[in-house]
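Chemist: Starting from these lines, generate the structure:
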Amino acid sequence: MSLAFAFALALLAQEGQATLQSCVFEADGWVCRYRVPEAIYRPQTPLPAPGPPLTPAPETTQEPSGPAPDAEAARRARLISRCAEANWLSLCTPDDRREAKALKAQAETKAALRLEVTTLAAKDQCPDAVRVALEGGDLDLAREIRAFCTPAN
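Modeler: As a prediction, the model looks like this:
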């Protein structure tokens with residue numbers, strides 16, 4: 001109990017930090033509620049002065065340099081890193097912890113499937129590698145392996 005009290009005092013002493021409202025012991029362990037102060041975020045660098053109106057650039061036939069970052073994939077990665085193996089001091093809700101653990105298990109399963117499929121492809125067993133990828137339900141991996149195994153003419 002004294003550790004929680006010391007933690008609460010440390011949070012109150014830091015201006016602009018979240019303040020502890022209450023802690024309750026639930027089935028999964030201690031769940032603490034915090035109040036987060038309002039914050040205004042300003043850019044570090046000043047914005048450039050507005051210039052003359054831009055004329056439309058001529059269309060080019062360049063392909064994009066890579067796939068656009070997937071916002072949902074980035075959110076999932078942050079959630080896994082923040083809440084999957086979180087201790088009781090972290091600011092993760094029980095729902096966040098459950099979702100992070102499920103996403104982590106799903107990512108581990110996908111990595112194991114990729115390892116098995118690439119091992120088969122390395123042994124020059126391409127039809128078996130494609131079959132395993134399809135049985136695992138990873139259509140993108142099956143396409144990758146099929147494209148990898150296609151002989152270049």
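
Chemist: which element is Leu20 on?
Modeler: Assigned by DSSP states H and E, Leu20 belongs to strand 19-26.

Chemist: For that strand, buried residues please.
Modeler: Neighbour-count burial for strand 19-26, counted by 16 or more other Cβ atoms under 10 Å, picks out Leu20. No exception for glycine: its C-beta is placed from N, CA and C like everyone else's.

Chemist: so what does that strand touch, helix or strand wise?
Modeler: helix 2-13, strand 29-35 (3 or more Cβ pairs under 8 Å, 6 or more residues apart in numbering; DSSP states H and E).

Chemist: what lines up beside that strand in the sheet?
Modeler: Sheet pairing for strand 19-26, assigned by DSSP bridges, gives strand 29-35 (antiparallel).

Chemist: can you list the residues that contact the strand it pairs with?
Modeler: 4, 11, 18-25, 88, 91, 93-94 (Cβ atoms under 8 Å, 6 or more residues apart in numbering).

Chemist: which residues of the chain score low on pLDDT?
Modeler: Applying pLDDT under 70 to the chain flags the ranges 1-17, 38-69, 152-153.

Chemist: Output the longest helix belonging to this structure.
Modeler: helix 94-122 (DSSP state H).

Chemist: Flag every buried residue along that helix.
Modeler: The neighbour-count check on helix 94-122 (16+ other Cβ under 10 Å) flags Asp96, Arg97, Glu99, Ala100, Leu103, Lys104, Leu113, Arg114, Val117, Thr118, Leu120, Ala121 as buried.
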